[in-house]
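> below: sequence and its predicted model.
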Amino acid sequence: MIVTHVGGPTVLVEVDGWRLLTDPTFDPAGGRYAFGRRSSTAKLTGPAVAASDVGPVDAVLLTHDHHADNLDRAGRALLPSAGTVVTTVSGARRLGGSARGLAPGASTVLAGQGARPDLSVTATPARHGPPLSRPVVGDVVGFAVRVGSASSVALWVTGDTVLYGPLRAAASALDVDVALVHVGGVRFGVTGPLRYTMTGDDAVSLIGTLRPRVAVPVHYEGWSHFADGPAGLEAALAAAPPDVRRRVRRVELGAPTSLDA
């Protein structure tokens, strides 16, 4: 598997002849984006790879469509050129076209051609905030991607989520090769101490439960709403058990990186 971290949640994943793109965000730095309820965020850094340089995309794994730090204007413009878009049920209704919506636990198959195997994509649970926040923050899912008839998961994308029971249960049940773990510890001034994504400490706890071969932290830099951010992740990893630290791989932005054993 080769991954190229474009920035934020956006990663190009090349696996078994497939080119998958997660949460496309390609707007330049400098914009401010409203999330509703008097909350907003500013984009501090632009993409490490331009949308025009990404190349062909077979499928987009879109954890949610309604927040610009996961799907911005340039990312939205890229969607029609992607072979398939897999997202939430509500997101598929909003996007229309051939978008496939999945509720947690539901699966869809991306049919391979020739020597390229089928991919099975299963939505995993995610909660983008504290209890009872779903009516405000909307639906989010993660994705577990299996190659061919394999029972193990080649790729797990956690999506934007706090650490909570169903996520821990999913981590306990999955046998994962590579995990893209969304971190950052999102907070907004209007809601005080409430968290909307995992902190570095949460990520360490989840990785300890999941025990993937490789865990790649993403979506913790480049935006103003990351209260935990790179510093929180660094501190958490420094204090993490050795078994967790050896599984974590930090990848250089914009650089295709092989994660093969």
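Right, received. Where do you want to start? The structure displayed is predicted, hence computed values, not measured ones.

> ranges for the strands of the stretch 1-150 of the chain?
When assigned using DSSP state E, counting those that start in this stretch, the strands of the stretch 1-150 of the chain occupy the ranges 2-7, 10-15, 18-22, 32-36, 39-42, 59-61, 84-87, 100-101, 107-110, 119-125, 141-147.

> tell me what the shortest one is packed against?
In this structure, strand 100-101 packs against strand 84-87, helix 89-95, with contacts taken as 3 or more Cβ pairs under 8 Å, 6 or more residues apart in numbering; DSSP states H and E. Every residue, glycine included, has its C-beta placed from N, CA and C.

> just name the most buried of those.
Stretch with highest mean neighbour count among the helices and strands packed on strand 100-101: strand 84-87 (a mean of 24; mean count of other Cβ atoms under 10 Å).

> neighbouring strands - and their directions - for it?
Paired with strand 84-87 in the same sheet, following DSSP bridges, are strand 59-61 (parallel), strand 100-101 (parallel).

> which other residues reach it?
Under the contact criterion Cβ atoms under 8 Å, 6 or more residues apart in numbering, strand 84-87 has outside partners 58-65, 79, 92, 95, 97-102, 108, 110, 121, 141, 143.

> now do the same contact list for the residue nearest the centre of the chain.
In the chain, the residue lying closest to the centroid (Cα atoms, centre = their mean) is Gly159, at 4.1 Å. Residues in contact with Gly159 (Cβ under 8 Å, 6+ apart) are Thr63, His64, Thr124, Ala126, His128, Val140, Val141, Gly142, Phe143, His182.
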